[in-house]
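Colleague: Below: sequence and its predicted model.
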Amino acid sequence: MNTHQFSHDFLHQTLGQLGDGTFNDSFGSRVDFPSSASEVLYVASGPSAESVFYITDDGEVYGNGYNDRGQLGIGDDSIDSTNVPVKVDFPNSADIGHISASSSHTTGW
C-alpha cells in the first residue's frame, strides 16, 4: 500500500469522501492506495464535495465518495458510496490528465 496524507478543507463526511476508510469526520486524512499506485499528482472534488478523485503520476485515476448516479465511474452504480479510493477504468486506455467533478457526473480529459 502507498499512503498519502491529505489535508482536506472539509471536516464533515457522511459518504466516504475523505477516502480514509471511515465515515468519520476528520482533518488531515490518510488515504491508502493499492501498491501499484505511484505519487498523486492531482486531487479533484465536485462543488458538493461528495466525491473525490485522484490522478497518479502513472496515469491511473481513483475515486471515492458518493456514487448514487454512478458518478465515480467504477462501473457499479449499485454501490451508493465508497470510503476508500477505487480505481476508475476508462475505455480504450484513455490518457486522463484532468478531472472535473459535479454532483451528478464526472468528466475526465
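Modeller: Noted; the coordinates are in hand.

Colleague: tell me the contacts of the residue nearest to the spatial centre of the chain?
Modeller: In the chain, the centroid-proximal residue (Cα atoms, centre = their mean) is Gly63; its distance is 2.3 Å. The neighbours of Gly63, taking Cβ atoms under 8 Å, 6 or more residues apart in numbering as the test, are 51-54, 72-74, 85-86, 88, 106. Where you see a C-beta, it was placed from the backbone N, CA and C, and this is true even at glycine.

Colleague: Flag the shaky bits of the protein, pLDDT-wise.
Modeller: Along the chain, segments meeting pLDDT under 70 span 1-12, 27-29, 34-37, 46-48, 103-104.

Colleague: go with 50
Modeller: By pLDDT under 50, the low-scoring segments of the chain are 1, 7, 9-10.

Colleague: a strand runs through Ile55, doesn't it?
Modeller: Yes. Ile55: assigned to a strand according to DSSP: H, G, I helix; E, B strand; the rest coil.

Colleague: Quick check: longest strand in the protein by residues?
Modeller: strand 81-88 (DSSP state E).

Colleague: Check what contacts the helix or strand following it and list those residues.
Modeller: For strand 81-88, the following helix or strand on the C-terminal side (DSSP states H and E) is strand 99-101. For strand 99-101, contacts defined as Cβ under 8 Å, 6+ apart pick out 42, 44-46, 51-53, 55, 61, 71, 106-108.

Colleague: Need the buried ones from the residues you listed selected in ChimeraX.
Modeller: Remark: buried members of the contacts of strand 99-101, expressed as a ChimeraX selection using 16 or more other Cβ atoms under 10 Å:
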select :44,45,46,51,52,53,55,61,71,106,108
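
Colleague: out of the contacts of strand 99-101, which one sits closest to Ile96?
Modeller: For the contacts of strand 99-101, the minimum distance to Ile96 (Cβ to Cβ) is 4.1 Å, reached by Gly108.

Colleague: Right, I'll call it a day here.
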